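Novice: got a predicted structure here, sequence first:
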Amino acid sequence: MRTPALLLALLLLAASPAVQADPGILLFPAIGQPGSLTVAGRVLKDLPTPGSNPLSRNVRRLVVNPLPNAEVEVAFQEQHLKVKAGRDGAFEVTFTSPPEHPFPVGKHMVEARAPWGRGVAGVQILSPDAPFFVITDFDDTIAVSNVLHPKKLVESALMEDGETQPAVPGMAGFYTCLMEGKPEAAPALAVVSGSPWQYVPRTGVFLSDHDFPFAGLYLRTLGPKTLSNYKQPIIRQLLSRVPNKVILIGDSGEKDPEVYAQIRREFPDRVLAVYIRKMRPTEPATRFPKMMVFTDARQAAADAMSHGYLSKACLEATFGEAK
């Protein structure tokens, strides 16, 4: 979802009647480690009610109003932290555990409560023994968004929903194989995307409906300060919070190769591999230094197998034997 689509949504809203709804809390799925977990969310003055069609739902999501300065209690693993949201309704809390009582590895739920509403989200605690975790882009990496075609991009952003937006063929199988078959500990997946945070519910539905593994969702706050260089701060935060090595996956439609090259320069000992889905027939090789460029998910999965990131059994079960 890019800024032109947002402008169109606002124009559509201006011609639509206002929709009243109750306040609520939107929590964002997250990943953490046994010693700490950071969870973010938004307090909303009027949680959007379901619309009759994707256009209505998406417009209502994009123009939802924050509830500023609200007090919220967030609970995880018998810990309860109180936090006050900012003027934009945003809040963030970090749970910590002593070494003798670490958070259990695996998937859990986190809950936020206020007198007028509650919100829940899934989280995953990543084992320090996991060989890596994965950070991925969303648009045109795992979901068909048509970023290179402005008209189709707007249609995708406003006329599609989690249930209807097409997935990039084979990518769910690629991520599933990366997550599975690790006897020491399962990796985790984090989606870092330019899609707006208002699309967290839509993105979660998309991932579930298309059989992607559970993912922490780190989406963008749209505004003048996030027109560029918005992914790097999020990725740096994730790398500081989760000490495991990382595999980066994106596409060449926008700036993923340049962003990931910068991250690898900053964290040379942390980045195991970079995979880039090629979006144009011809692109200069200089965009992809030491990156695996692919047009088909099986190519990426085969390369990952050759480096021991996924098993041959999962590759062949998912994509079939090589011809």
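Specialist: The structure has been received and is ready for your questions.
Novice: low-confidence ranges, this structure, go.
Specialist: For the chain, the stretches with pLDDT under 70 are 1-22, 48-52, 224, 227, 323.
Novice: checking the spatially most central residue of it next. Helix, strand or coil?
Specialist: Centroid-nearest residue in the chain, with Cα atoms, centre = their mean: residue 191, separated by 2.3 Å. Three-state assignment for residue 191 (DSSP: H, G, I helix; E, B strand; the rest coil): strand.
Novice: isn't it right up against residue 217?
Specialist: Yes: between residue 191 and residue 217 there is a contact at 5.3 Å, judged by Cβ atoms under 8 Å. All C-beta atoms are positioned from the backbone trio N, CA, C, and that covers glycine.
Novice: touching both of the two, which residues are there?
Specialist: Shared contacts of residue 191 and residue 217 (Cβ atoms under 8 Å, 6 or more residues apart in numbering): residue 203.
Novice: rewinding a little: who are the contact partners of the closest residue to the residue nearest to the centre of the chain other than its chain neighbours?
Specialist: Excluding the flanking residues, the one nearest residue 191 by Cβ to Cβ, 6 or more residues apart in numbering is residue 215, at 4.8 Å. By Cβ under 8 Å, 6+ apart, residue 215 lies in contact with 29, 136, 189-191, 207.
Novice: let's see 6 Å
Specialist: 189, 191, 207 (Cβ atoms under 6 Å, 6 or more residues apart in numbering).
Novice: which one among those residues gets closest to residue 301?
Specialist: Lowest distance from residue 301 to these (Cβ to Cβ) belongs to residue 189, with 14.9 Å.
Novice: residues near that closest one, how many?
Specialist: For residue 189, the neighbour count with other Cβ atoms under 10 Å is 24.
Novice: please report the distance of residue 305 from residue 83.
Specialist: 43 Å (Cβ to Cβ, to the nearest Å).
Novice: what segments of the stretch 101-250 of the chain are helices?
Specialist: 150-159, 171-179, 200-209, 231-241 (DSSP state H, counting those that start in this stretch).
Novice: can you put those helices in TSV and add mean neighbour count and distance to residue 89?
Specialist: Output for those, formatted as TSV (neighbours: other Cβ atoms under 10 Å; distance: least, Cβ to Cβ, whole Å):
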stretch	mean neighbour count	distance to residue 89
helix 150-159	17	22
helix 171-179	23	31
helix 200-209	20	13
helix 231-241	16	19
